[in-house]
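> Sequence first, predicted coordinates after that:
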Amino acid sequence: PMQGADPQRTNIQPGPALVGTPQLAAHSPISGDSMVLAGNRLIVTNYNSVAALDPRTLDVLWQTNPGNGVYTSPLIAGDVIYLGYSLVTESISDDPANNQLVAMSLKDGSILWRANGAGGAGNEMAVQGQTIYAVGGTGTSVILGAYRTDDGSPIWTAPIDGAIGCCGGLHVVLGDGLAYVAYRYHVSAFDLEDGRLIWTATAPSDMYFGSVAFLDGRVVAPTYGLAATFYSSAAILYLDALTGEPVGKVDNAYGLISGIEGDNGTDTLATGWQLPGNSARIWRIDSGTLAPVIDQAAAQSPTNDIDYRFPALPPVTVGRAFYTVFSQMDDGIDGIVSSLISAYVTNENVSGADLAWTLVVDGRLTAMPIVSGGRIFILTSDAGLYALEDTPVDSATPAATIPASVDLTSPVTCAQPLSDSPLSGELP
């Protein structure tokens, strides 16, 4: 019930996997920048709007505009929604109230409390027990803090080098009693009990860290270098979670990462660019050898001639199945007119991934797909929210031998009556 699916940010979804031809079960005109599902509530944020939808029908249960500013990165724990908030996101502000951690009722959207300087739009937090860990700060400082979930009061705060600037993107990852935060050139680990800095790892020269994950006792850390128009170099680093010492490296891969079930633990699944050339690729890295066991080109759509090579979001996984999201990158993010979602199933000897289907939707996907309760939920920037289900299979009809290709670009219509398949959890 959070961005990245869990505090380790594995992006492993509850499932079950949808690998049959997808069809539209429901559509809502509500668009947004982030979503999360728990307690039979699908929470969608869109700038200063927060909405709760019924995941079966996509009907709006409640919607609130809790004030000026931007609310993002919802996390649900119990009957509370936690959000990052910034009044101003496009400039640096010294006002402690500009960046907040906000708690909201899952039942009706009422504000429970706000903590100044404890969060920020685009920054993703994590909950463990009765404590929420979040990155906040001002224009002159960045802090990681531990806060009580009942009232937002601080337990401890710890400084991180730098200042809060545009657009957030600082994610808290938990594992082995530590909190990990990647920021620009560094990944740092802090003790969950008292906020002590345990270690800091520095990226190779002229490289930056992307968003990290905790997989099998290691911090998996994508790195990249910037050229004038594209990424000039890249590698995925593996760091010992307790010491920060490097234990492995995959060169020439810029990846958005997730975990995927492996034979000997949790493997790394990455989607991104193969360098040189910036071609769209998929990698699966074995948790034991830390070497790629899958390195293949990402699928393209047979229904149009768009070059889908921008890895818009990390992949999400369910067992041996996984889903990738790529967009075209001709005119930057504002020029994206459609996105491609692809479903794969890892083959038996884990030497490749077989394409199950591709799906084209209008606009830019703004949140990782959620795969839960027999559905896959897809949120876009301007084409609304989709709920998809598997096409029913006639046992007398042989399975298709080629991947299905589905185009859901405008206009949108429902292909079948709404499902009453249950989703886990009930609202107290």
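On my side now, so go ahead. These numbers come from a predicted model, not from an experiment. Numbers count the residues shown, from 1 in each chain.
> Quick check: residue 363 touching residue 379?
No. Between residue 363 and residue 379 there is no contact under C-beta atoms under 8 Å: 10.0 Å. Backbone N, C-alpha and C define where each C-beta goes, glycine included.
> any residues in contact with both of those two?
Shared contacts of residue 363 and residue 379, defined by C-beta atoms under 8 Å, 6 or more residues apart in numbering, are found at residue 31.
> Mind checking which of those two has more residues around it?
Legend: neighbour count by other C-beta atoms under 10 Å for residue 363 and residue 379, higher for residue 379 (27 against 18).
> and the more buried one, what are its bridge partners?
residue 385 (DSSP bridges).
> Check what pLDDT it gets.
Listed pLDDT for residue 379 reads 94.
> residues in contact with it?
Taking C-beta under 8 Å, 6+ apart, we find residue 379 in contact with 31, 32, 34, 35, 44, 365, 366, 367, 385, 386.
> Pull out the buried members of the residues you listed.
31, 32, 34, 35, 44, 365, 366, 367, 385, 386 (16 or more other C-beta atoms under 10 Å).
> from these, which two are the most distant?
Spatially, the most separated pair among the buried ones among the contacts of residue 379 is 34 and 386, at 15.6 Å (C-beta to C-beta).
> in the sheet, who's paired with residue 28?
Beta-bridge partners recorded for residue 28 (DSSP bridges): residue 385.
> how near is it to residue 126?
With distances taken as C-beta to C-beta, to the nearest Å, residue 28 is found 28 Å from residue 126.
> Also residue 192?
In this view, residue 192 and residue 126 are 10 Å apart by C-beta to C-beta.
> what's the overlap in contacts for those two?
Common neighbours of residue 192 and residue 126 (C-beta under 8 Å, 6+ apart) are 133, 174, 179.
> Tell me if I'm right that the last one and residue 194 touch.
No. Distance between residue 179 and residue 194: 11.3 Å, which falls outside the contact criterion (C-beta under 8 Å).
> ok, the two, which is more surrounded?
Neighbours per residue (other C-beta under 10 Å) separate residue 179 from residue 194, with residue 179 holding more: 26 against 10.
> And what about residue 97, helix, strand or coil?
Following DSSP: H, G, I helix; E, B strand; the rest coil, residue 97 is assigned to helix.
> quick one: pLDDT of it?
You'll see residue 97 listed with a pLDDT of 81.
> and residue 282, what does it touch?
With the criterion set at C-beta under 8 Å, 6+ apart, residue 282 makes contact with 269, 270, 271, 294, 295, 296, 297, 298, 315, 324, 344, 353.
> Equivalent analysis for residue 15, please.
By C-beta under 8 Å, 6+ apart, the contact set of residue 15 is 318, 319, 371, 372.
> just to revisit the earlier point, and residue 192 and residue 126? Which one has more around it.
residue 126 (25 against 19).
> partners of the more buried one in the sheet?
Taking DSSP bridges, one obtains residue 133 as the residues bridged to residue 126.
> That one against residue 179, yeah?
Yes. In this structure residue 126 lies within contact range of residue 179 using C-beta under 8 Å: 7.5 Å.
> between the two, what contacts are shared?
Shared contacts of residue 126 and residue 179, counting by C-beta under 8 Å, 6+ apart, come down to 133, 172, 173.
> Secondary structure element holding the last one?
The one in question is residue 173. Assigned by DSSP states H and E, residue 173 belongs to strand 172-175.
> From the contact counts, what lies against that strand?
If you count contacts as 3 or more C-beta pairs under 8 Å, 6 or more residues apart in numbering; DSSP states H and E, strand 172-175 packs onto strand 126-128, strand 131-138, strand 178-183, strand 213-215.
> Let's have the buried ones among the contacts of residue 379 in TSV, adding secondary structure and distance to residue 186.
Compiled in TSV, the buried ones among the contacts of residue 379 are given as follows (DSSP: H, G, I helix; E, B strand; the rest coil; distance: C-beta to C-beta, whole Å):
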residue	secondary structure	distance to residue 186
31	coil	35
32	coil	31
34	strand	25
35	strand	30
44	strand	33
365	strand	29
366	coil	27
367	coil	27
385	strand	36
386	strand	38
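> ok, now how distant is the residue nearest to residue 41 when sequence neighbours are not counted from residue 60?
Leaving out its chain neighbours, the residue that sits closest to residue 41 by C-beta to C-beta, 6 or more residues apart in numbering is residue 52, at 4.7 Å. Distance check for residue 52 against residue 60: by C-beta to C-beta, it reads 7 Å.
> Check residue 103 too.
To residue 60, residue 103 is 21 Å away according to C-beta to C-beta.
> Residue 42 now?
Distance from residue 42 to residue 60, counting by C-beta to C-beta: 10 Å.
> Who has more neighbours out of those two?
Neighbour totals were compared for residue 42 and residue 60, and residue 42 leads with 27 against 13 (other C-beta under 10 Å).
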